[in-house]
Structures are given as C-alpha cells and as structure tokens.
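**Q** Sequence first, predicted model second:
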Amino acid sequence: MSTVTALENTTQAAHAKRPIGKIVAISNMSVSVLLDSYDISVRDIIYVVSNGERSYFEINNVNGNIANAIPLSYVYGLSKGLDVYVREGGLRIEYSDEVLGKVFDALGDTIDGTIIAEPHTKNIYEKNLSMAEINIKGDILWTGIKVVDFFAPLQKGFKMGMFGGAGVGKTVLVKELINNVYTGQGSNSVFVGIGERSREGRELFDEMAASDLLSKMSIVFGQMGENPMIRSRAAYSGLTVGEYLRDEKSQDVLVFIDNIYRFLQANSEISAELGNMPIESGYSTSLLTEISEVMERINSTESGSITSFQAVFIPADDMTDFAVNAIMSHMDGQVALSRKIAEKGIYPAVDVFNTTSKLVSVEGVGERHFSLVERAIAHFARYEDLEEIVAVLGIDELSEEDTNIFYRARKLRNYFTQPMFVSEKYTGIPGEFVDIADVLNDVENILSGEFDTLDEGEFYYIGSVKREL
C-alpha cells in the first residue's frame with residue numbers, strides 16, 4: 001500500500017467520485033472486480049482506498065463485466081465491497097532530466113526522500129521504436145577497461161550477461177563502466193535492481209554517492225521483500241528511464257540489470273498464484289514472451305543507444321536451466337568474473353575463457369584484433385597446463401618455447417589488471433582509461449617477446465605499457 005499523494009489527488013480528481021466497480025473476490029495475488037459500464041483494458045491500473053491508503057492493482061484480463069487484477073502491493077486489510085477506481089495513465093515513471101540522481105520504485109515513486117516538484121511521466125509499457133528506427137550497425141562502445149575491450153568488446157545496443165557472485169569485484173566493475181562511459185561519451189546510466197536485497201541497494205546508493213557517480217545515473221529498485229509484481233515491473237520502469245536518455249537526450253546509455261533471472265522468477269510466482277499450469281521447472285508458460293518483451297526494448301538508434309549489462313543467476317549452477325537458456329539466447333556476449341582469479345589479487349577478476357562477445361570476429365573487430373585474442377587465449381590455456389608441470393618438476397624442465405609461453409602468459413595476466421578511477425582513494429593508484437589501439441600494441445609486443453627482458457611485476461596494475469615503462 002502507498003499513501004495517497006497530493007499529485008495523484010489532483011490528476012485523478014475527475015475519477016475520485018466515479019468508481020468503475022467493486023471488489024467481489026480477493027486473494028493474496030488476485031482480485032476480481034465487478035465492473036460498471038466502463039472501458040478498461042489489460043495493464044490498466046486500478047486502485048482502492050482503505051483507511052486513508054491506496055492499494056494498486058494491474059488488470060490481468062477482462063471477461064465480460066468481470067475484471068481480474070494482480071496486486072501491486074500487499075492486500076492486508078482489504079475486503080470485498082470496496083469501490084474501485086482507475087489510475088489515470090496507468091503505471092508511469094518520471095520521463096525528464098529529473099530521473100538523474102534519484103532512486104525510484106517500480107511504481108515510479110522516489111524512495112530516496114527526494115521530491116519531484118513538477119513531474120513529467122510516461123507509461124512504462126509504451127514502446128517508441130519501429131523496425132525502421134532500429135540501428136543494428138551501431139559503433140563499438142569502447143569502455144577504456146583493457147580486459148573488457150580486448151576479450152568482450154561492446155557494440156552499442158548489445159546485451160551482455162555478467163556472471164559473478166559476491167566479493168569478486170562486480171560493483172567496482174559496474175561503477176568503472178558508469179564512470180568511463182560518462183567520461184568518454186558524456187552519457188548517463190541506469191541501474192535496475194530486481195529481487196535483490198534492500199541492504200545491497202543501500203550499499204550501492206552509498207558507494208555511488210561516495211564515488212560522485214550518483215548524479216550521472218538513475219536507480220530503479222524492486223526489492224527482494226516486495227510483491228512479485230513490483231519486482232517484475234522494475235524492469236519495465238528502468239528501461240523507460242533508459243529510453244528517455246536514449247531518445248530525448250540522444251545518449252549512449254548503459255543499463256545494468258541485477259538480476260534478470262529474478263524478473264522471470266517473479267513472473268513465475270504470479271503465474272503460479274493465478275493457478276496457471278507451469279512448464280518445465282515450474283516456470284510460467286509465457287516465459288519466452290516475457291523475456292523477449294524486455295530484451296526487445298534494448299536497442300540502438302541513429303541518435304542513441306541502450307547497451308545492457310545483465311547479471312544472471314544460475315540456479316544450482318545448471319546452465320541447462322530453461323530460464324537461463326531463454327535469457328542467454330538474447331545475449332550478445334558475456335563477462336564472467338571468477339573468485340579463483342580474484343583470490344590471486346587480479347582485478348578486474350575476469351575469466352577470459354568464459355568471456356565472449358559476438359564482435360570478436362574478423363568482421364567485427366578486424367583481423368589483427370581477432371588474431372591477438374586467439375593467440376592470447378591459446379597462451380592462457382597452455383599456461384594452465386604448464387602450471388601443473390612447474391609445480392611438480394620445476395621451471396627448468398620446460399622447453400625454451402614453453403618457458404617463453406609461461407612467462408609471457410604471466411605478464412599478459414598481470415597486464416590485464418587495471419587501476420580504476422572509482423577505487424583511486426582506496427588504492428592510491430590513479431585510474432586510467434586505456435585506448436584500444438594501445439591495448440592491441442601492448443598485447444602484440446608481449447606475445448612476440450618484445451618485453452621478455454622485463455619482470456612480470458612491471459605489468460601489474462598499469463595502464464598502457466608505453467606510458468609506464
């Protein structure tokens with residue numbers, strides 16, 4: 001439930017005295033409304049007022065003069081016979097420059113204590129782009145982060161999966177991407193939290209404020225303890241904010257979704273409560289439609305783009321899970337963060353073997369870049385084999401070729417660490433944005449033996465080799 005606001009009293013005064021019907025049945029996840037003669041559609045928002053507070057519902061289906069609706073809040077204290085009203089304009093969120101520096105819930109209300117004096121809102125289900133407006137040949141979005149730009153380069157409009165649990169540097173990488181894209185492109189970002197802990201949301205808010213990044217982004221939360229409808233609709237609300245920055249401000253926007261699996265999980269909860277027959281593993285029969293509807297709103301145009309990083313939870317580490325496969329079928333690549341690598345002090349802790357991008361091809365990034373990626377992966381793969389040999393027999397037992405591969409791979413591993421702008425005050429090392437041309441030259445020189453005389457420690461937490469050595 002949410003308290004009636006002065007804004008809603010003003011915008012809906014015309015309907016306040018004209019109920020459209022009454023509640024005739026109510027449960028935790030569904031209400032039935034006996035309608036008067038009123039035109040109402042699926043996804044319209046209705047509400048009832050009880051004890052001075054307003055409870056919202058979204059119309060799920062209409063059958064004659066009976067409408068079924070799903071609560072957008074808990075239904076405690078409600079009863080049959082309550083008058084039902086329509087919320088003008090449906091489910092809406094701010095659609096102006098006021099979105100920056102603020103935290104919203106899925107209903108479009110701010111939850112950080114701020115107030116928008118003159119709201120300008122938009123329905124979260126509206127779609128702006130036609131097929132003709134979508135640009136599938138967007139430019140490459142260089143992030144200045146060496147390991148990302150080299151192994152998983154982004155094209156504007158891409159959807160990238162991000163795998164990594166707590167403590168592997170996911171938040172630092174997210175903050176650095178926000179900082180670098182803003183610095184390089186002058187563009188803002190959107191963070192969408194779906195089904196995550198409120199404590200983690202607070203930590204993110206505080207860290208963004210401390211890093212002076214809060215004013216460069218907008219945050220939308222559907223927290224873990226919220227009704228599944230709120231968790232589900234946070235995705236649509238966040239994308240609407242991203243669309244404002246893309247379409248009205250002509251920006252190349254980064255949208256972070258944590259966690260997209262929770263979106264499908266929330267929809268499955270709703271479907272189960274409504275008594276719908278589930279499919280494999282208890283998922284909703286409309287799962288494919290639901291994920292497609294969200295993913296199809298992440299696109300590039302001639303004037304701007306939405307590029308998305310989406311954390312994906314893997315239930316029981318089962319990559320064959322139906323929902324995971326549905327999500328990954330829409331992805332253009334993935335960035336995997338590894339605890340094993342983080343424990344070695346390598347940050348960003350990117351597992352290069354499980355990090356991919358559709359752009360890594362001769363057509364996507366050019367023959368030189370593609371060839372260097374293949375050579376680097378081959379060196380890392382051989383290094384893993386040699387590590388076991390060295391641990392047992394020692395380095396002297398390796399051939400000259402294997403010895404070169406062993407040391408060059410270690411230098412390359414250290415080279416892909418990077419000082420971050422957002423962690424300068426903790427590490428004391430100035431952050432660096434590294435141009436992809438410098439990365440390609442450095443990797444080529446390491447692999448060709450140009451730096452064989454240098455100690456591997458010289459490559460640890462530097463930007464470009466030519467600037468440091």
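**A** Everything's here; your move. Numbers count the residues shown, from 1 in each chain.
**Q** can you pull the contacts of residue 437?
**A** By Cβ atoms under 8 Å, 6 or more residues apart in numbering, the contact set of residue 437 is empty. The way it works is simple: take the backbone N, C-alpha and C, and place the C-beta from them, glycine included.
**Q** The one 3 residues further on too?
**A** Neighbour list for residue 440: 150, 368, 369, 372 [criterion: Cβ under 8 Å, 6+ apart].
**Q** What is the neighbour count of the first one?
**A** It refers to residue 150. Residue 150 is flanked by 25 other residues according to other Cβ atoms under 10 Å.
**Q** picking that back up, closest to residue 409 out of the contacts of residue 440?
**A** Residue 409 lies nearest to residue 372 out of those, by Cβ to Cβ, at 13.7 Å.
**Q** Just the element for the closest one, please.
**A** Using DSSP states H and E, residue 372 falls within helix 367-393.
**Q** Specify the next element, helix or strand, located C-terminal of that helix.
**A** Downstream of helix 367-393 (by DSSP H and E), the next one is helix 400-415.
**Q** which residues sit against the helix or strand that comes right after that next one?
**A** Next helix or strand after helix 400-415 toward the C-terminus (DSSP H and E): helix 424-427. The contact list for helix 424-427 (Cβ under 8 Å, 6+ apart) reads 419, 420, 430, 431, 461.
**Q** need the residues you listed in JSON lines with pLDDT, distance to residue 254 and neighbour count, can you?
**A** Formatted as JSON lines, these follow (pLDDT from 0 to 100; distance: Cβ to Cβ, whole Å; neighbours: other Cβ atoms under 10 Å):
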{"residue": "419", "pLDDT": "92", "distance to residue 254": "21", "neighbour count": "17"}
{"residue": "420", "pLDDT": "90", "distance to residue 254": "16", "neighbour count": "25"}
{"residue": "430", "pLDDT": "89", "distance to residue 254": "23", "neighbour count": "10"}
{"residue": "431", "pLDDT": "89", "distance to residue 254": "17", "neighbour count": "18"}
{"residue": "461", "pLDDT": "92", "distance to residue 254": "24", "neighbour count": "18"}
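**Q** Now stretch 442-455: buried residues?
**A** Neighbour counts over stretch 442-455 (16 or more other Cβ atoms under 10 Å) mark 442, 443, 446, 447, 451 as buried.
**Q** that's a strand at the second one, yeah?
**A** It stands for residue 443. No: the assignment for residue 443 (DSSP: H, G, I helix; E, B strand; the rest coil) gives helix, which keeps it out of a strand.
**Q** With adjacent residues omitted, what lies nearest to it?
**A** Closest residue in space to residue 443, ignoring its immediate chain neighbours: residue 372 at 5.2 Å, by Cβ to Cβ, 6 or more residues apart in numbering.
**Q** after the helix or strand harbouring residue 257, next one along is what?
**A** Assigned by DSSP H and E, residue 257 falls within strand 252-258. Once strand 252-258 ends, the next helix or strand along the chain (criterion: DSSP H and E) is helix 260-273.
**Q** other SSEs contacting the helix or strand that that following helix is followed by?
**A** For helix 260-273, the following helix or strand on the C-terminal side (DSSP H and E) is helix 287-295. On a contact count with 3 or more Cβ pairs under 8 Å, 6 or more residues apart in numbering; DSSP states H and E, helix 287-295 meets helix 228-247, helix 260-273, helix 322-328.
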